[in-house]
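Student: Fold the stuff below for me.
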Amino acid sequence: MNNDATQITVLRGEARLPSRDGAEALVQGMRTTVELDGVPAEPQAMAQNLIVNGDFQQPLSTGWVTGTIVLASGAEHPTVAVVEDAGRNAVQLLRREPDDGNHTQASIQQDLDRDVRDFDQLQISLDVMVNYQSLSGGGQQSSEFPVIVRLDYKDQWGNDQFWTHGFYYQNERNLPIATDAWGRPLGEQIPQGIWFPYESGNLMELLGESKPVYLTGIKVYASGWNYDSLVSEVQLVVE
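Tutor: Numbering: from 1, shown residues only. Got it, this is the predicted structure:
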């Protein structure tokens, strides 16, 4: 519920909603929205994508906030922009500067502010392409991949938690790829210059007792030295 509308989702049983014709039944596995006029919208399947403008068909400022970070004084910042590639819109995270070796970061992020304790499934998906990376693997600490997706949330005890997954195509220095608290690698190797479709799997199961109950935000970013990465079709589907 917010100031504009109320969303009703039926996990079990049914909901009876007042309508112009008397009452409308919303059955298990369906959801609807009632706006300020009090009229329920057409019922939809319970699964829903919480990301706004994840296909980047609208201006990037619709739903997203961009940011860049450089640590060295005077170093050139990376760029964040929507580009077209093979008929699709994508966000390009780009830095190709002579001062290679300086840590930088380029990002897009979106506030979520959603209670998800009643959902059984939560999956992140996005398409990723890495054209260039100068830093091997994910760096010394597996935290500097040319693309990283990060979900910030609160667990059932109210603790701030986050989940990340990185992508890279080269690891010339054979740096170790660290694992997360559940024993899964923090990054995975993908082909260079080819769109790679990624699905996280059901995070409600994969994160065990540390699963989300409240989502605070999602961030997609490049971290490292020089990089040229594209991301598209960002989705966060709950059901």
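Student: quick one: contacts of the lowest-mean-pLDDT helix or strand in the chain?
Tutor: Across the helices and strands of the chain, the lowest-confidence element by mean pLDDT, DSSP states H and E is strand 44-45, at a mean of 78. Counting contacts by Cβ atoms under 8 Å, 6 or more residues apart in numbering, the residues outside strand 44-45 that touch it are 29-32. Using the backbone N, CA and C atoms, a C-beta is placed for each residue, glycine as well.
Student: Now do that strand: distance to the chain's middle.
Tutor: 22 Å (Cα atoms, centre = their mean, to the nearest Å).
Student: Output stretch 211-224 as CSV, restricted to C-alpha atoms.
Tutor: Extracted as CSV, the C-alpha positions of stretch 211-224 are listed here (Å, rounded to 0.1, in the frame of the first residue of the first chain):
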residue,chain,number,x,y,z
LYS,A,211,17.0,-14.8,2.8
PRO,A,212,15.4,-11.3,2.2
VAL,A,213,12.3,-10.1,3.9
TYR,A,214,12.7,-6.5,2.8
LEU,A,215,14.4,-5.3,-0.4
THR,A,216,16.2,-1.9,-0.1
GLY,A,217,17.9,-1.6,-3.5
ILE,A,218,19.7,-3.1,-6.5
LYS,A,219,22.9,-2.0,-8.1
VAL,A,220,24.7,-3.0,-11.3
TYR,A,221,28.2,-1.7,-11.6
ALA,A,222,31.7,-2.1,-13.1
SER,A,223,34.6,-2.1,-10.6
GLY,A,224,38.3,-2.3,-11.4
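Student: quick revisit: between the contacts of strand 44-45, which sits nearest Asp120?
Tutor: The nearest member of the contacts of strand 44-45 to Asp120, counting by Cβ to Cβ, is Gly29 at 11.3 Å.
Student: Show me this protein divided up by domain.
Tutor: According to automatic domain parsing, the chain comprises the domains 5-46, 49-238.
Student: now those domains as JSON lines including mean neighbour count?
Tutor: Formatted as JSON lines, those follow (neighbours: other Cβ atoms under 10 Å):
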{"stretch": "domain 5-46", "mean neighbour count": "13"}
{"stretch": "domain 49-238", "mean neighbour count": "17"}
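Student: Now the weakest link among these, please, by mean pLDDT.
Tutor: Per-stretch averages of pLDDT across the domains of the chain put domain 5-46 at the bottom, with a mean of 82.
Student: What is the end-to-end distance of that one?
Tutor: For domain 5-46, the first and last residues are 17 Å from each other (Cα to Cα, to the nearest Å).
Student: now stretch 65-81
Tutor: Start to finish, the residues bounding stretch 65-81 are 11 Å apart (Cα to Cα).
Student: can you check stretch 167-180 too?
Tutor: Using Cα to Cα, the span of stretch 167-180 from its first residue to its last is 15 Å.
Student: Run the chain-centre distance for that stretch.
Tutor: 21 Å.
Student: Tell me which residues are up against it.
Tutor: For stretch 167-180, the surrounding residues in contact (Cβ under 8 Å, 6+ apart) are 128, 130, 133, 136-142, 145-148, 163-164, 185-192, 196, 198, 229.
Student: same question, stretch 83-92
Tutor: The set of residues that contact stretch 83-92 without belonging to it, under Cβ under 8 Å, 6+ apart, is 55-57, 60, 79-82, 108, 127, 129, 195, 220, 228-233.
Student: Asp113: which of the contacts of strand 44-45 is nearest?
Tutor: Of all those, Arg31 has the smallest distance to Asp113: 18.1 Å, by Cβ to Cβ.
Student: nearest residue to that closest one other than its sequence neighbours?
Tutor: The spatial neighbour of Arg31 that comes closest, neighbours along the chain excluded (Cβ to Cβ, 6 or more residues apart in numbering), is Thr9 at 4.1 Å.
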